[in-house]
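>>> Fold the stuff below for me.
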Amino acid sequence: MRTIIYTYTDEAPALATHALMPVLDAFAGAAGVAVEMRDISLAARILAAFPDHLDKGQQVPDALHELGELARTPEANIIKLPNISASIPQLKAAIAELQAAGYAVPDYPESPATDAEREVQARYANVKGSAVNPVLREGNSDRRAPAAVKAFARKRPPRMGAWSPDSRSHVATMGEGDFRSTERSTTAAEADDVRIEHVGTDGEVTVLKASTPLEPGEIIDAAVMRREALVDFLAAELADAREQGVLFSVHLKATMMKVSDPIIFGHAVRTYFAELFERHAEVLDGLGVSPNDGMASLLTAIEALPDEQRGEILADLDAAYERGPDLAQVDSSRGITNLHVPSDIIIDASMPVVIRDSGQMWNRHDAQQDTKCVIPDSSYAALYGEMIEDCKRNGAFDPTTMGSVSNVGLMARKAEEYGSHDKTFELDAPGTVRVVSSTGDTLLEHEVEAGDIWRMCQTKDAPVRDWVRLAVDRARATGAPAVFWLDDTRAHDVEVLRKVTDELARHDTDGLELPVLPVAEATRLTIERSRAGQDTVTVTGNVLRDYLTDLFPILEVGTSARMLSIVPLMNGGGLFETGAGGSAPKHVQQLAKENHLRWDSLGEYLALAASFTFLAEKTGDQRAALLGRTLDQATARYLDEGRSPSRKVGELDNRGSTFYLAQYWATALNQQDDDEVLRVVFGPLARRLVEQEATILAELLEVQGPAVDLGGYYWPDRSRADDVMCPSDTFNEALADFRDSN
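Numbers count the residues shown, from 1 in each chain. As a prediction, the model looks like this:
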């Protein structure tokens, strides 16, 4: 039997999996395709990291490691759902939940003092942040809006806020003393093993990382975010926001950039609440409060204090709010600000919403207000700056006429910044940080001060060349320009450009438009073409891939979850990603409160269809091809007939959407002419789901309203989740009878 691997992840996507898997098992099984589950959720990753702390019956396999090995084989066919890229507060919450459930995993040691604590922290380092994507992404990204999704958005355009030319919203970024301005880069001529070391002002050498193997042709970069420059910048922007009367908001990626960005976020928190942290330093340090974790951790920690002491801190907190500019709100009804939790303000999810919503964010009075969008590092800030300035001049984008912006993203083998986690350091002392070859030559170095953040990134040769090949293929397939977003004044991009130029010479590029432009110019060209209804293929590095594949999809079709995300793996397999999960926590909160899950599994449907098609191309299995083709037909009908989940309790939710997908898919299989056996097999199910539609919908709707207990947020009770997500006995029996008969 042919096999597809389907990942079990976290939050709303995981809950939706409980509703979809019975359908998928039944349909794929009838066509001779096996769909196997692998649990790569945050909780499962924690448990897999500590088998020696668990009873034998509690131990779980390291599914992520297994899938990482599979991704390097031609047989790989993996569907990857959105997962938690855990910040420290999320990691701690998951640990606490597992401990309460009887799993003796250790506490996370933020400041390890012993070898044992350092070893525990090292294990958790492989769990926190974006632990999943770098392991599975053994290929580069091809992400675009499917034709059916684009057509639907033009017929039913997503909401767009009106822009005023008088808007005071803007992007603020550093330019000096940041990663962009301090970057240095080189390419390894041959294989090597380099070390990273800090040389103190007294000449003492401290090895920061003893071994980093390099392949021939591998690009390495080093850059430093200077603490003094960062703090001065943040203080100036806070004062300016107050003077202008705009909201202050920080936009980072504290989950993917799991070492550097929480520190930068912490500086923003400490700068805004400077007097509070200074006045109560001893108490807060004693409570283990770190500004890197946000103000939510402080508010939780001070609950343990006596009333009088807690009252003093809360009074100083209120005074800070009065002195400072108004903060953008993540949830104004609950007083959750932009500085509350680092994982709440993921830039590629937050900035597109700013641009969609007239350049504004929500204030504490539950009203929208012009905003200063603070993006400290200037490497890619121009993308959002250009978008905002264009909207001031030309108004909001029109989803009914705008062109499609697709992306070819360089991400294979931990390319660029996202591979820097184990090579990022907050320096304790001044001196020099240098990268030293095995022969003792200094390849890259920076003078540093205490508190500076230094990082090294790697980009291997083969992924760059595969990325160029994929860009050429997409340019030829679409007929649109494929724009390389590269800047010949940036050290890293200069090294990449050499490879791009060399690799393009190996391909037939006659008749193709393959311009090379820096971020600001590439953004302007893409905007101009989009407003004119013309399509553009953006060819970018890893971070811009993340930014662009949320930004334009949210404007074009309302959500990045409706994009088709294909990763042709470099060794011949396929990885199919199902979209963004940024709103997943709110979806889970609503389900727990009202038993209504508004998560839209359209991304899963699109990925499944592509996966079936890929399986057919690899194996010649025509039934797999038929499953993919009819699932695409069902998805198009799903969109046309408006079967996406509603936000409101008492209306269609994910479970009802899954039912309609099953009905439409069975009907499409029953109506096809290519396989008489499958047509006959699916006929009774198609008729039964049509005849019992009213009963099934009634059963799905009648359970909504009351709260439900899933037995856990990060580690839910699977049996309870099945009951909650499959509440229609009539639908369950129809699928069970179909499976039993086949």
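
>>> For residue 212, give the beta-bridge partners.
For residue 212, the beta-bridge partners are residue 194 (DSSP bridges).

>>> Return the residues in contact with it.
193-196, 423, 456, 458 (CB atoms under 8 Å, 6 or more residues apart in numbering). In short, each C-beta sits where N, CA and C put it, glycine included.

>>> Recalculate using a threshold of 10 Å.
192-196, 218, 220, 422-423, 435, 456, 458 (CB atoms under 10 Å, 6 or more residues apart in numbering).

>>> Could you do residue 455 as well?
If you count contacts by CB under 10 Å, 6+ apart, residue 455 has them with 179, 183, 196, 221-225, 257, 259-260, 417, 419-421, 423-425, 433.

>>> sec struct for it, please.
strand (DSSP: H, G, I helix; E, B strand; the rest coil).

>>> On the pLDDT front, check it for me.
Note on residue 455: pLDDT of 98.

>>> Distance check, it against residue 152.
To residue 152, residue 455 is 42 Å away according to CB to CB, to the nearest Å.

>>> Tell me the one of the contacts of residue 212 nearest residue 137?
residue 458 (14.1 Å; CB to CB).

>>> buried sites along the strand or helix carrying residue 242?
Secondary structure from DSSP states H and E places residue 242 in helix 227-244. For helix 227-244, the neighbour count (16 or more other CB atoms under 10 Å) marks 227, 229-231, 233-234, 237-238, 241 as buried.

>>> now for that helix, which elements pack on it?
Judged by 3 or more CB pairs under 10 Å, 6 or more residues apart in numbering; DSSP states H and E, the packing partners of helix 227-244 are strand 170-172, strand 247-250, helix 260-272, helix 274-279, strand 368-374.

>>> Just the C-alpha atoms of the fourth one, please, in CSV.
By that I understand helix 274-279. Below are the C-alpha coordinates for helix 274-279, written out as CSV (Å, rounded to 0.1, in the frame of the first residue of the first chain):
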residue,chain,number,x,y,z
ALA,A,274,12.5,51.3,32.8
GLU,A,275,11.7,52.9,36.2
LEU,A,276,9.6,49.9,37.3
PHE,A,277,12.4,47.4,36.6
GLU,A,278,15.0,49.7,38.2
ARG,A,279,13.1,50.4,41.3
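
>>> now what about it, what contacts it?
231, 235, 238, 269-271, 284-285, 289, 291, 295, 298, 312-320, 323-324.

>>> Tell me the buried residues in the helix or strand following it?
Per DSSP H and E, the first helix or strand lying C-terminal to helix 274-279 is helix 281-286. The neighbour-count check on helix 281-286 (16+ other CB under 10 Å) flags 283-284 as buried.

>>> I'd say residue 570 and residue 463 touch.
Yes - using CB atoms under 10 Å as the test, residue 570 is close enough to residue 463 to be in contact (7.2 Å).

>>> Residue 36 against residue 29, yeah?
No - Residue 36 is beyond contact range of residue 29, at 11.5 Å (criterion: CB under 10 Å).

>>> In terms of neighbours, single out the busier of these two.
Neighbour totals were compared for residue 36 and residue 29, and residue 29 leads with 15 against 8 (other CB atoms under 10 Å).

>>> in a helix, that's where that one is, yeah?
Yes - judged by three-state DSSP, residue 29 forms part of a helix.

>>> Return the per-residue confidence for it.
With respect to pLDDT, residue 29 has a value of 95.

>>> mean confidence for the helix holding residue 242?
98.

>>> Now do the shared contacts for residue 570 and residue 463.
137-140, 412-413.

>>> Closest one to residue 589 out of those residues, please.
Nearest to residue 589 among the shared contacts of residue 570 and residue 463, counting by CB to CB, is residue 137 at 29.5 Å.

>>> For the residue lying closest to residue 570 once chain neighbours are set aside, what are phi and psi?
Using CB to CB, 6 or more residues apart in numbering and skipping the chain neighbours, the partner closest in space to residue 570 is residue 139 (5.0 Å). The phi and psi values for residue 139, taken as degrees, to the nearest 10, are phi -160, psi 170.

>>> same question, residue 415
Torsion angles at residue 415 (phi, psi; degrees, to the nearest 10) stand at phi -60, psi 140.

>>> Test my guess that it contacts residue 134.
Yes - judged on CB under 10 Å, residue 415 makes contact with residue 134 at a distance of 9.0 Å.

>>> Find residues that contact each of the two.
The contact lists of residue 415 and residue 134 share residue 542, where a contact means CB under 10 Å, 6+ apart.

>>> Tell me which of those two has more neighbours.
Legend: neighbour count by other CB under 10 Å for residue 415 and residue 134, higher for residue 415 (26 against 20).

>>> show me what contacts the more buried one?
134, 137, 140, 219, 409, 457-460, 463-464, 467, 496, 541-543, 545.

>>> And it, how close does it get to residue 336?
Taking CB to CB, one finds residue 415 at 34 Å from residue 336.

>>> Same check on residue 504?
Taking CB to CB, one finds residue 504 at 48 Å from residue 336.

>>> okay, and for the stretch 551-700 of the chain, where does confidence drop off?
579-583 (pLDDT under 70).

>>> Would you map the strands across it?
Ranges of strands in the stretch 551-700 of the chain, per DSSP state E, counting those that start in this stretch, are 564-568, 574-577.

>>> what's the lowest-mean-pLDDT helix or strand in the chain in contact with?
Every helix and strand of the chain was ranked by mean pLDDT, DSSP states H and E. The lowest is helix 133-136, at a mean of 81. Identification of contacts with helix 133-136 by CB under 10 Å, 6+ apart yields 7, 40, 64-65, 67-71, 76, 78, 80, 83, 85, 126, 256, 411-415, 418-419, 421, 542, 546, 567, 569, 575, 577.

>>> Now do residue 173 against residue 373, distance only.
Per CB to CB, residue 173 is found 9 Å from residue 373.

>>> which residues do these two both contact?
381, 384-385.

>>> Could you dump these into a markdown table and include secondary structure, neighbour count and distance to residue 702?
As requested, the shared contacts of residue 173 and residue 373 are arranged in a markdown table below (DSSP: H, G, I helix; E, B strand; the rest coil; neighbours: other CB atoms under 10 Å; distance: CB to CB, whole Å):
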| residue | secondary structure | neighbour count | distance to residue 702 |
| --- | --- | --- | --- |
| 381 | helix | 25 | 50 |
| 384 | helix | 26 | 45 |
| 385 | helix | 20 | 50 |
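
>>> Was I right to think residue 185 contacts residue 491?
Yes - counting by CB under 10 Å, residue 185 does reach residue 491; the two are 3.9 Å apart.

>>> if I look at those two, which residues touch both of them?
The contact lists of residue 185 and residue 491 share 219, 221-223, 444, where a contact means CB under 10 Å, 6+ apart.

>>> Hmm, residue 728 is touching residue 694, no?
No - using CB under 10 Å, residue 728 is not in contact with residue 694; the gap is 11.6 Å.

>>> Those two: which is more packed in?
Higher neighbour count among residue 728 and residue 694: residue 728, with 23 against 9, using other CB under 10 Å.

>>> which one is that one nearest to, not counting chain neighbours?
residue 699 (4.0 Å).

>>> wait, what's in contact with the one you found?
The contact partners of residue 699, taken as CB under 10 Å, 6+ apart, are 655, 659, 692, 727-732.

>>> cool, residue 262 as well?
So residue 262 contacts 87-89, 128-129, 252, 254-255, 290-294, 342-343, 426 (CB under 10 Å, 6+ apart).
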